[in-house]
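Colleague: Provided below for reference: sequence and predicted model.
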Amino acid sequence: MKDYLSEVNARFPIRRSSQQKALFCDYVREEIGEDRVAFETLDNRHKNVIIGNISEAEVVFTAHYDTPAASVIPNLMIPANKLLSILYHMLYPLILSIASLALALMFGNVFSMQQTAIIFIYLALYLGVYYTTTRLFSNKNNKNDNTSGVATVLSVASNTNNSKVAFVLFDNEEKGLEGSKAFNKKHKNLMKNKLVVNFDCVGNGDQIVLILKDAATRLSQFDALKSTLISNEKYTVHYLQNKSSVANSDHKSFLCGVGVMACNKGSRVRFYTGRIHTARDTVANSENIYFLADKISRFIDSM
């Protein structure tokens, strides 16, 4: 099996600008074959990559190919603990807000400013620092998020021609799942009864966590997937209900969505995935990709 994780990471480490995305899309067409790959641009800004025939497929495997902005703090994912996840993601904005307010008040006192001016300085400080430290610069290291998901999809897609499955690489997940939302909006009737299995950050960790929407678990294809995607001596597979879990990725855009991620197991936190959205996102294991691709390929062969 080709090592797509290493190749994509080396050749296309950043996929954020239109030119960077276009070069990657050309690569996918060359790898998979022009006759199997189509590009669908939605709302004049989301360029999704479709492999296979969505209409004929019973199961669609997906990942997002765009990469995030650089952040000073990791986008820590804690799928089995909603409260802790919410608190963590509130922490940086809260600290930044307090620091910005303190500085604004200090300037106001020193220069005898009116309340309106103090509020303006506070907002300028908060929004300026937040944007600069979480949105402005491209992250140069994205091996787990989401080169690992892309590598999984390409590994499977390059080794099967089964018309019962198709693949989609979504654009602009990092902007709020925009690519998958636009895709589902256009193909809503077509997608409402299809199992959608999305791979996001699957390269770092030996705990394979699947987040399940209720509608997905009622499909016969899911039963077959669950019987194939099982633990072995290295990897432990866990199935969590969407309502009691948290994982903000493209599976959320679909009625029958299943999110797949790899986590580490902590002593105090059941599952966690760190490093992503920072310069430290350099750790991802090709063996993870091989494990998932092998299991998914076996599932496809059984269809």
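Modeller: That came through, no problem.

Colleague: gap between the residue most central in space within the chain and Leu136?
Modeller: The centroid of the chain falls nearest to Asp200 when counting by C-alpha atoms, centre = their mean (3.9 Å). Per C-beta to C-beta, to the nearest Å, Asp200 is found 23 Å from Leu136. Backbone N, C-alpha and C define where each C-beta goes, glycine included.

Colleague: returning to what we had before: need the contact list for the residue nearest to the centre of the chain.
Modeller: Neighbour list for Asp200: Ala63, His64, Asp145, Asn146, Gly149, Glu173, Ala247, Ser249, Asp250, Gly259, Val260, Met261 [criterion: C-beta atoms under 8 Å, 6 or more residues apart in numbering].

Colleague: Next, count neighbours for the first one.
Modeller: Going back to what we said before, that points to Ala63. 28 (other C-beta atoms under 10 Å).

Colleague: Please tell me I have it right and Ala151 contacts Ile289.
Modeller: Yes - contact between Ala151 and Ile289 holds when scored by C-beta atoms under 8 Å: they sit 4.9 Å apart.

Colleague: hey, what's in contact with both of these two?
Modeller: Common neighbours of Ala151 and Ile289 (C-beta under 8 Å, 6+ apart) are Tyr4, Leu5, Gly203.

Colleague: Inside helices: which ones of those?
Modeller: Within those, residues falling in helices by DSSP state H are Tyr4, Leu5.

Colleague: Grab the nearest non-local neighbour of Leu101.
Modeller: Excluding its sequence neighbours, the residue lying closest to Leu101 (C-beta to C-beta, 6 or more residues apart in numbering) is Tyr122, at 5.3 Å.

Colleague: Does anything pack onto the one helix or strand the one you found maps to? Which helices or strands?
Modeller: Per DSSP states H and E: Tyr122 is located in helix 115-131. Packing partners of helix 115-131 (3 or more C-beta pairs under 8 Å, 6 or more residues apart in numbering; DSSP states H and E): helix 82-110.

Colleague: Neighbours of Ser244, how many?
Modeller: 11.

Colleague: so it makes contact with Lys82?
Modeller: Yes - the criterion here is C-beta under 8 Å, and Ser244 meets it with Lys82 at 7.2 Å.

Colleague: Give me the common contacts of those two.
Modeller: Common neighbours of Ser244 and Lys82 (C-beta under 8 Å, 6+ apart) do not exist.

Colleague: where are the low-confidence patches of the chain?
Modeller: Under the criterion pLDDT under 70, no range of the chain is flagged.

Colleague: Give the residue farthest from the middle of it.
Modeller: The outermost residue of the chain relative to its centre, with distances by C-alpha atoms, centre = their mean, is Ser112 at 47.7 Å.
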